[in-house]
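# Okay, sequence plus prediction incoming.
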Amino acid sequence: MKKWYTLLISFFLVIMTSKVVYANDNMDKQQIDNSNQIQRLYQYMDNMKTNEEIMNGMSPSEYVKSYLKDGKDPLSFDRIVGACTSVFIKEVQSTLKLMISVIVLAILSTLLKNIQGAFSSENISNIAFYACYAVMILILSKSFLISVNLAKDTIKELTDFVAVLLPALVLLLSTAGGITQAATMDPIVLGAVSLTPRLYVDIIIPLILMIFVLGFVNNISNEHKIDGLVKVGKQAVLWMQGIVLTIFIGLLTVRGIASNTIDAVTLKTAKFAVDNFIPIVGKALSDAIATVAGYSLLLKNAVSSIGLIIMIFVMLFPIIKMVVMVFIYKISAAVIEPVADKRIVSCITTAADSLVLITSSLISITVMFFVMTAIMSSAGKFIVGG
């Protein structure tokens, strides 16, 4: 009888030991997957093409190591301010040529209009005005299209970066115990990252281009106006941006909150079961699970932090360029308003308003990605901690 007891106890010990080894193997495999995903993210960050010295001097891996070591941001605030100031000064210098060209052309148009008495017919004066107006359209259109292409390129760069960043965050979140959150977030995140930028690039930005063109058409004649159509177009763009932003952030937040509670209960139940139902090594395995989850959560926060910083840097310099151009347009319109034809002034103002809409589109995309990453960063803290 004692032999049977001995065999039975040995059998259960073998089973329990094999389960522990299997669990440890699973944790090791998960850590390897995390490491590979993080290394791919580091490599993508290092390969990001940018002309800004603040990005070229940043090492993502060193940033994460410093963050994990002492929890401090290794970036210098003075360095960031200096880089932004340098870009601002450079953009002002390059855009001053545009301002001078616009002012000179407006003054020339005014002179031609004031000396119309020297011409044999008023039609000749109108031809001179329309010639100046056409050149004005070419100048403004060239600078505006540069801004549009810059916004599209920046949106694409942000989208590609987020498409690489979020899988790493989802993997780390699942490792930290947020399996339900990861499973819930993943389809929403993938759909948002692929659909939202296409909505801006294929619908909203072309609509802004149409408003830009209609603004020029509206100022050709003093009699036939389409102010109402231009105004409706601007309101439509603003409404579309607001609706997309509200739905995106609201859906992401609600789904994240709902799944957070489920994961917290699930992880606590798993730790309790491992601690109490696996003999001998149950407590050690439970502590190991908590340690891996805590480290994954800390690593996720560090990766999220560097991701948010890179998003800001990617969008910051195009925003500075566009804001400078908007101010140049507004200042030019204010300077020539006392002397120039009101159609010229309205033309420049329309270009500035259209550029503001392009800028708001880029900011909206960045805010959505920023909030998405911030929610992913905050996800899981109640799972491990509470």
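Arrived safely.
# On the pLDDT front, check residue 319 for me.
The model reports residue 319 with a pLDDT of 89.
# after the host helix or strand of it, next one along is what?
Taking DSSP states H and E as the criterion, the element that holds residue 319 is helix 282-336. For helix 282-336, the following helix or strand on the C-terminal side (DSSP H and E) is helix 342-378.
# Against which helices or strands is that next one packed?
Packing partners of helix 342-378 (3 or more CB pairs under 8 Å, 6 or more residues apart in numbering; DSSP states H and E): helix 77-114, helix 122-175, helix 179-199, helix 205-218, helix 227-277, helix 282-336. The way it works is simple: take the backbone N, C-alpha and C, and place the C-beta from them, glycine included.
# So which bits of it are buried?
For helix 342-378, a neighbour-count test (16 or more other CB atoms under 10 Å) marks 343-366, 368-370, 372-373, 375-377 as buried.
# tell me the angle of that helix relative to helix 205-218?
Orientation note: helix 342-378 sits at an angle of 170 degrees relative to helix 205-218 (axes from the mean of the first three to the mean of the last three CA atoms, to 10 degrees).
# average pLDDT for helix 342-378?
Helix 342-378 comes out at a mean pLDDT of 84.
# how far off helix 122-175 does it point, in degrees?
Between the axis of helix 342-378 and that of helix 122-175 there is an angle of 0 degrees, by the same axes, to 10 degrees.
# Excluding chain neighbours, give the residue nearest to residue 216 in space.
Of all residues not flanking residue 216 in the chain, residue 137 sits nearest, at 5.4 Å (CB to CB, 6 or more residues apart in numbering).
# So what's the residue count around that neighbour?
Residue 137 has 16 neighbouring residues, counting by other CB atoms under 10 Å.
# Hmm, residue 213 and it touching each other?
No. With contact defined as CB atoms under 8 Å, residue 137 and residue 213 do not form a contacting pair (9.4 Å).
# and residue 4, what pLDDT?
On pLDDT, residue 4 comes in at 45.
# Apart from its chain neighbours, what residue comes closest to residue 225?
residue 218 (5.8 Å).
# so how far is residue 136 from the one you found?
Applying CB to CB, to the nearest Å, the value for residue 218 to residue 136 is 14 Å.
# and if you look at residue 340?
10 Å.
# what do you get for residue 376?
From residue 376 to residue 136 the distance is 47 Å (CB to CB).
# Please apply the same query to residue 126.
15 Å.
# which of those two has more neighbours?
Neighbour comparison, residue 126 and residue 136: the larger count goes to residue 136, with 22 against 14 (by other CB under 10 Å).
# That one is in contact with residue 345, isn't it?
No. Taking contacts as CB under 8 Å, residue 136 lies outside contact range of residue 345: 10.7 Å.
# which residues do these two both contact?
residue 106 (CB atoms under 8 Å, 6 or more residues apart in numbering).
# where do the contact lists of residue 340 and residue 136 overlap?
With CB under 8 Å, 6+ apart as the test, residue 340 and residue 136 both reach 106, 109.
# Residue 335: what's it in contact with?
Residue 335 makes contact with residue 103, according to CB under 8 Å, 6+ apart.
# Let's see that with 10 Å instead.
Taking CB atoms under 10 Å, 6 or more residues apart in numbering, we find residue 335 in contact with 99, 102-103, 106-107, 345, 348.
# Most neighbours of all those, which one?
Counting neighbours by other CB under 10 Å, residue 348 leads the contacts of residue 335 with 28 neighbours.
# How about that residue, nearest residue that isn't a chain neighbour?
residue 333 (4.3 Å).
# Contact partners for the nearest residue to residue 156 once chain neighbours are set aside?
Spatial nearest neighbour of residue 156, chain neighbours left out: residue 197 (7.4 Å); criterion: CB to CB, 6+ apart. Contact analysis of residue 197 by CB under 10 Å, 6+ apart lists 152, 155-156, 158-160, 162-163, 365, 368-369.
# Export those residues as JSON lines, with columns for distance to residue 92.
Output for these, formatted as JSON lines (distance: CB to CB, whole Å):
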{"residue": "152", "distance to residue 92": "24"}
{"residue": "155", "distance to residue 92": "25"}
{"residue": "156", "distance to residue 92": "27"}
{"residue": "158", "distance to residue 92": "25"}
{"residue": "159", "distance to residue 92": "29"}
{"residue": "160", "distance to residue 92": "30"}
{"residue": "162", "distance to residue 92": "31"}
{"residue": "163", "distance to residue 92": "34"}
{"residue": "365", "distance to residue 92": "25"}
{"residue": "368", "distance to residue 92": "30"}
{"residue": "369", "distance to residue 92": "28"}
